[in-house]
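Engineer: need coordinates for the below:
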Amino acid sequence: MRRRNLSLLALVPVVAVALAGCTSSGSADSTATATATAKAESQTNCTAPASGAAAKSVKVTGSLDAAPTVKFAKGLSVSSTQRSTVIEGTGEKALTGTLLDVAFTIYDAKTGKQVSQAGYKGTDATQFTVSKKLYLAGLVDGMHCAAIGSRTVTVADAADMFGATGSESLGVGANDDMVVVMDLLSKVATTATGTDVAPKSGFPTVKLADDGKPTVTIPKTEAPSTFKLEVLKKGDGAKVASGATVTVQYQGTLWRTGKVFDQSWGSGPTSFSTSSVVAGFEKALVGQTVGSQVVAILPPADGYGTGGNETAGIKGTDTLIFVVDILATN
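Structural biologist: Numbering: from 1, shown residues only. Sure thing, here's the model as predicted:
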């Protein structure tokens, strides 16, 4: 549903694309793998990165949800990612696929330079999904299996962050290890929680699985020639503004074939700016409220145009159907 690349690529306020991991589109294989991983975990069967001397050497002070004071020796290095816990939370563990409100500060362990910070009280909330399919492994290691309400300190090996290329946008050099201080503030719903609304005539039928994943049945009629939108669940949260960052679950289906060509289901909710997606997807979101589920029908002009998207199997004449659960907005 992005303008140039259909693959899931979560964007993060302030940090933007730099913290997103390498992802694939919502293929059957990747979805099945992610789902199996999540099901295999439990509150008693969840393995976090081991602690070590490097992680313990990072001194962090301050309260949860407030920007921390962090001290460590420049040139800190690890051969494998380590994590320690500064504040022990009392909530449930953050399993694979959990969507969290988080606050974080990231440093270059070699230079000691702060490269990013977001999400603390008084600023916009930031959402991360515990998923290495969506985010850099070292970032996810700061959340995975930690109790909600915790503050963790991760010294992430370069291979789990920006690797041999570094990050020019963040000023991170090649093969630099990173220090990540992560506050796991609260769990966010991963499905729409709004009040059910009667479906409109002529729209595809949407059936939801127990986990909220939609199955779309397309009517045996010609696709509409203009953009159409219906609200199936009406949330009572904040309204999505133009250009805002949103966190959603979504599924895209071709009207022509009924085939799902892209989805977040299986890998976890994803975040992006409404200005970074195709026109019809933006139309579907702006003005809607958090907690809502919408169904949008996009003719080619509101989707990928006459050029289509060959990689996703979308022709220039294809009409797209998106089912979107709106989970959060900044």
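Engineer: name the nearest residue to Y250, ignoring sequence neighbours.
Structural biologist: The shortest distance from Y250 to any non-neighbouring residue, by C-beta to C-beta, 6 or more residues apart in numbering, is to V324 (4.6 Å). C-beta: built from backbone N, CA, C; applies to glycine.
Engineer: surely the one you found and E282 touch.
Structural biologist: No: with contacts counted by C-beta atoms under 8 Å, V324 stays clear of E282, the gap being 11.2 Å.
Engineer: which one's more surrounded, those two?
Structural biologist: Using other C-beta atoms under 10 Å as the criterion, V324 and E282 rank with V324 on top: 24 against 21.
Engineer: okay, and that one sits in which element?
Structural biologist: strand 320-329 (DSSP states H and E).
Engineer: go ahead and confirm K113 touches G171.
Structural biologist: Yes: using C-beta under 8 Å, K113 is in contact with G171, at 6.7 Å.
Engineer: bridged to the closest residue to K228 other than its chain neighbours, which residues?
Structural biologist: Spatial nearest neighbour of K228, chain neighbours left out: I297 (4.1 Å); criterion: C-beta to C-beta, 6+ apart. Beta-bridge pairing of I297 under DSSP bridges involves K228, I321.
Engineer: who are the contact partners of I297?
Structural biologist: F203, P204, A223, P224, F227, K228, L229, W255, T319, L320, I321 (C-beta atoms under 8 Å, 6 or more residues apart in numbering).
Engineer: so for it, what's the pLDDT?
Structural biologist: With respect to pLDDT, I297 scores 98.
Engineer: and the gap between it and T191?
Structural biologist: Using C-beta to C-beta, to the nearest Å, I297 is found at 21 Å from T191.
Engineer: wait, E88 sits on L184?
Structural biologist: No: E88 is beyond contact range of L184, at 10.9 Å (criterion: C-beta under 8 Å).
Engineer: for I297, give its distance to T274.
Structural biologist: The gap separating I297 from T274 is 18 Å, by C-beta to C-beta.
Engineer: repeat that for S79.
Structural biologist: Noted for S79: a distance of 41 Å to T274, by C-beta to C-beta.
Engineer: for those two, indicate the residue with more neighbours.
Structural biologist: Shown here are S79 and T274; by other C-beta under 10 Å, T274 has more neighbours (19 against 10).
Engineer: tell me, how many residues neighbour A159?
Structural biologist: 15.
Engineer: Three-state assignment for it, please.
Structural biologist: helix (DSSP: H, G, I helix; E, B strand; the rest coil).
Engineer: list the contacts for it?
Structural biologist: If you count contacts by C-beta under 8 Å, 6+ apart, then A159 has nothing around it.
Engineer: so it versus D177, what's the distance?
Structural biologist: Distance from A159 to D177, counting by C-beta to C-beta: 9 Å.
Engineer: before we move on, what about K213?
Structural biologist: Remark: distance between K213 and D177 (C-beta to C-beta) = 37 Å.
Engineer: of those two, which one has the most company?
Structural biologist: Shown here are K213 and D177; by other C-beta under 10 Å, D177 has more neighbours (26 against 19).
Engineer: what sits against that one?
Structural biologist: Here D177 is in contact with L76, S77, V78, A109, K110, V155, A156, D157, A158, M161 (C-beta under 8 Å, 6+ apart).
Engineer: neighbours around the third one, how many?
Structural biologist: This means V78. 19.
Engineer: in which helix or strand would I find L139?
Structural biologist: Using DSSP H and E, L139 sits in helix 137-141.
Engineer: touching that helix from outside, list them.
Structural biologist: 19, 21, 48-49, 81, 83, 104, 128, 130-132, 154, 156-157, 160-161, 178, 180, 182.
Engineer: let's see that helix as PDB, backbone CA atoms only.
Structural biologist: What follows is helix 137-141, C-alpha atoms only, in PDB (Å, rounded to 0.1, in the frame of the first residue of the first chain):
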ATOM      1  CA  ALA A 137      16.800  -7.100  15.700                       C
ATOM      2  CA  GLY A 138      18.700  -5.100  18.300                       C
ATOM      3  CA  LEU A 139      15.800  -2.800  18.800                       C
ATOM      4  CA  VAL A 140      13.300  -5.700  19.200                       C
ATOM      5  CA  ASP A 141      15.800  -7.400  21.600                       C
END
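Engineer: next structured bit after it?
Structural biologist: Following helix 137-141 in sequence order, the next helix or strand is strand 151-156 (DSSP H and E).
Engineer: state the mean pLDDT of that following strand.
Structural biologist: Here the average pLDDT along strand 151-156 is 98.
Engineer: direction included, what does that strand pair against?
Structural biologist: Strand 151-156 is paired, per DSSP bridges, with strand 82-87 (antiparallel), strand 178-188 (antiparallel).
Engineer: one step back: filter the contacts of I297 to the buried ones?
Structural biologist: F203, P204, A223, F227, K228, L229, W255, T319, L320, I321 (16 or more other C-beta atoms under 10 Å).
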